[in-house]
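Student: sequence unknown, structure follows:
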């Protein structure tokens, strides 16, 4: 069983940056594809970014391309989402997720989820 814990959310102003972290307990991220998703009030959970299990491939939703970066530090077994030039429309609860051995942007294919961290961007 993999337990994921996100951290790093907060209240920032438009144009600011934040870095979210996702740590795993119970197992390492080795051989796991990882993704970040977000859910704003009254909206469906949406894909934000994904990193392949081998770290070689990334994918982003168009709205964050060029502003957000997903990465993984194998030394401390942590996945990051660096968010720059934040906009009010980025306000949401952000979730990290993991799935063994595949690279996908589909939430339903992820096996393990964190509890989420709130990101609020004021205008």
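Tutor: Sure thing, it's come through. Please read these numbers as outputs of a predicted model, since none were measured by experiment.

Student: Find the residue at the geometric middle of this structure.
Tutor: Of all residues in the chain, the one closest to the mean position by Cα atoms, centre = their mean is residue 36, 2.4 Å from it.

Student: Identify the residues contacting it.
Tutor: 20, 22, 48-50, 68, 70, 79, 81, 94-97 (Cβ atoms under 8 Å, 6 or more residues apart in numbering). All C-beta spots, glycine's among them, are computed from the backbone N, C-alpha and C.

Student: How about residue 60?
Tutor: Residue 60 touches 48-49, 68, 70, counting by Cβ under 8 Å, 6+ apart.

Student: Just give me the closest of those to residue 14.
Tutor: Comparing the contacts of residue 60 against residue 14 with Cβ to Cβ places residue 68 closest, at 15.0 Å.

Student: from what I can see that closest one touches residue 50, true?
Tutor: No: applying Cβ atoms under 8 Å, one finds residue 68 not in contact with residue 50, separated by 11.3 Å.

Student: can you tell me which of the contacts of residue 36 are in strands?
Tutor: 20, 22, 48-50, 68, 70, 79, 81, 94-97 (DSSP state E).

Student: what would those look like in TSV with pLDDT, neighbour count and distance to residue 119?
Tutor: Listed next are these as TSV, based on pLDDT from 0 to 100; neighbours: other Cβ atoms under 10 Å; distance: Cβ to Cβ, whole Å:
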residue	pLDDT	neighbour count	distance to residue 119
20	98	24	7
22	96	27	13
48	98	25	11
49	98	25	13
50	98	24	18
68	98	22	11
70	97	23	15
79	95	26	16
81	98	27	10
94	98	23	5
95	98	23	11
96	97	30	13
97	96	25	16
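
Student: And what about the residue nearest to the centre of the chain, helix, strand or coil?
Tutor: Under DSSP: H, G, I helix; E, B strand; the rest coil, residue 36 falls in the strand class.

Student: Show me what it is bridged to.
Tutor: Beta bridges link residue 36 to residue 49, residue 96 when assigned by DSSP bridges.

Student: again, but for residue 18
Tutor: Beta-bridge partners recorded for residue 18 (DSSP bridges): residue 83.

Student: so how many other residues sit close to it?
Tutor: Neighbours of residue 18 under the rule other Cβ atoms under 10 Å: 20.
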